[in-house]
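> can you look at this prediction? I've put the sequence above it.
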Amino acid sequence: MRAPRPPSPSGVFLELRGVGRRYGLRGPWVLSGIDLDVAAGTLVRIEGTNGTGKSTLLRLIAGIDQPTVGRVAGRPRTAYVPERFPAALPFTAADYLARMGQVHGHGRTRAVRGAGEWLERFGAAGHAHTPLAELSKGTSQKVAVVQALLADPQLLVLDEAWSGLDQRARAELDRAVAGRVAEGGTVVFVDHDPLRLAGAPDTVYRLRAGGLDRARPGQVAESGESAPPGLRVLIEAEGPPGADPPGGLPGAPTVQRAPDGAIRLTVPAAYSDALLRALLTAARPPWHIRTVTQAGALPTPREPRSQGVDDRP
Ligand SMILES: Nc1ncnc2c1ncn2[C@@H]1O[C@H](COP(=O)(O)OP(=O)(O)OP(=O)(O)O)[C@@H](O)[C@H]1O
């Protein structure tokens, strides 16, 4: 087993400096002048319109591709879920995952057990003995995600990893990501859904014309000090039918049940990130965030709030 690489005193365990990437000797620069610090225990989202180089950047971060210029320093134990999983290998799902678990340093028994547990969590246990080539796209994607989670990585890199997953598996991946970060791991992800893990990322970067902007620095509001006073946010979250939201949610949200069973939580804007984070990291059942919208200003500073479920429409 490899010893984990200790983070630097600043917590940064991967650095990109002056990184550029182009394909082919005279191809256009897809990325240029990228400086990026990836710190331990953080959740990082990379955004950008189609073709701006998100997957290219993730491959450099994951260490499966090298920059054309510049340098990447540090290499935490890394796992990667690619945008397209090459599933045409001559193994069943369980065999493949057990082998991957062993590649990641687990003994055979632990690898087999871990593969079984993760397949169960993702609702794919029934396909454990199906050859990879015969799996549906969704189940194949579950196997791609499980092979990365099995690695117990310090750095998990997810390129549209939620695509093709059913709702239960998406929520399970949300929880797995939140769990990794809570345990001190780092997750860097790209996803087309702007609400994916909404409120949870410590940092959001935006790729634009080859460069990288910091779109939103970490701003997890726990105390309500940083938000404009009066603004409220409406969060619609979906759990199993009839499930109540967890108790003790940040910001003491007003809770209503939508006609289709979803839960609508209204909270002062200052607490919305903390509330989203709490839902994403909630113990079972998992909660899927459906929408996050601005709900308008409080009519008075002393509007009563409650956390009981109000069934009025
Ligand atoms: N292996 C490759 N060989 C040649 N060109 C490539 C390769 N990979 C990516 N490109 C080009 O680099 C550019 C950026 O692609 P990349 O997939 O990194 O962007 P993206 O932001 O992830 O795109 P999308 O949102 O469509 O997934 C595109 O013009 C693409 O055609």
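Sure, I can see it. All of these numbers come straight from a predicted model, not from anything done at the bench. Numbering: from 1, shown residues only.
> which helices and strands sit right next to the helix or strand encompassing L149?
In this structure, L149 sits in helix 137-150 according to DSSP states H and E. Applying 3 or more Cβ pairs under 8 Å, 6 or more residues apart in numbering; DSSP states H and E, one finds that helix 137-150 contacts strand 78-81, helix 93-103, helix 108-121, strand 155-159, helix 167-182. Using the backbone N, CA and C atoms, a C-beta is placed for each residue, glycine as well.
> assign G105 to helix, strand or coil.
Classification of G105 using DSSP: H, G, I helix; E, B strand; the rest coil returns coil.
> where in this structure is pLDDT low?
For the chain, the stretches flagged by pLDDT under 70 are 1-10, 87, 216-230, 283-285, 296-313.
> do that again at 80, thanks
Residue ranges of the chain with pLDDT under 80: 1-11, 86-88, 199, 210, 216-230, 240-241, 270, 277, 280-286, 295-313.
> can you give me the strands in it?
In order along the chain, the chain carries the following strands (DSSP state E): 12-22, 29-39, 43-47, 69-73, 78-81, 155-159, 186-190, 203-208, 211-216, 231-238, 254-257, 263-268, 288-297, 309-310.
> for those, give me TSV that also has distance to the ligand and mean neighbour count.
Below are the strands of the chain laid out as TSV (distance: least, Cβ to the nearest ligand atom, whole Å; neighbours: other Cβ atoms under 10 Å):
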stretch	distance to the ligand	mean neighbour count
strand 12-22	8	19
strand 29-39	4	18
strand 43-47	9	23
strand 69-73	16	14
strand 78-81	14	22
strand 155-159	7	26
strand 186-190	7	24
strand 203-208	7	18
strand 211-216	12	15
strand 231-238	26	21
strand 254-257	36	18
strand 263-268	31	22
strand 288-297	22	15
strand 309-310	39	12
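> TSV for these, including distance to T281?
Output for those, formatted as TSV (distance: least, Cβ to Cβ, whole Å):
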stretch	distance to T281
strand 12-22	22
strand 29-39	19
strand 43-47	11
strand 69-73	30
strand 78-81	20
strand 155-159	16
strand 186-190	13
strand 203-208	18
strand 211-216	20
strand 231-238	13
strand 254-257	18
strand 263-268	15
strand 288-297	12
strand 309-310	21
